[in-house]
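Novice: How does the following fold in three dimensions:
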Amino acid sequence: MKKKQQNLQWHSFGEVFSKVSKKKEFRKSYDEEIVRLKLARQIRDIRTTNKMTQLIVAQKSGMPQSVIARIESGDRGISVDTLGRIAYTLGKEVQLV
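Specialist: Residues are numbered from 1 along each chain as shown. Model (predicted):
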């Protein structure tokens, strides 16, 4: 039995991203993901600048430490209520612009 040889083409990440990023649905999802990841990084950076552990932030915010860990890792979105509680604990306030 003979195997068919397939003609495969290799594309760089830039080529593929350039093509798919023109699609409205992809762009919207991508932009939302970038905002979520930036927020996760900000929370972690503020917490570490304030020399607070995830456990301390969690206890002061009234939630399990695992929630803070998941938020900071970017594995999970965050509700406005949870964001407000964490911001208050870190001495910040949520502003929508």
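Novice: now what about stretch 43-50, what contacts it?
Specialist: The contact list for stretch 43-50, computed with C-beta atoms under 8 Å, 6 or more residues apart in numbering, reads 53-54, 57, 68, 71-72, 86, 90-92. C-beta: built from backbone N, CA, C; applies to glycine.
Novice: got the contact list for the most centrally placed residue in the chain?
Specialist: Compute the mean C-alpha point of the chain, and by C-alpha atoms, centre = their mean the closest residue is Leu37, 2.6 Å away. Applying C-beta under 8 Å, 6+ apart, one finds that Leu37 lies in contact with Gly74.
Novice: list the buried ones in whichever strand or helix holds it?
Specialist: For Leu37, the element it lies in under DSSP states H and E is helix 24-49. Going by neighbour count (16 or more other C-beta atoms under 10 Å), the buried part of helix 24-49 is 39-40, 43-44, 46-47.
Novice: Stretch 79-90 too?
Specialist: 82-83, 85-87, 89-90.
Novice: With respect to Lys22, which of those is nearest?
Specialist: Lys22 lies nearest to Leu83 out of the buried residues of stretch 79-90, by C-beta to C-beta, at 31.4 Å.
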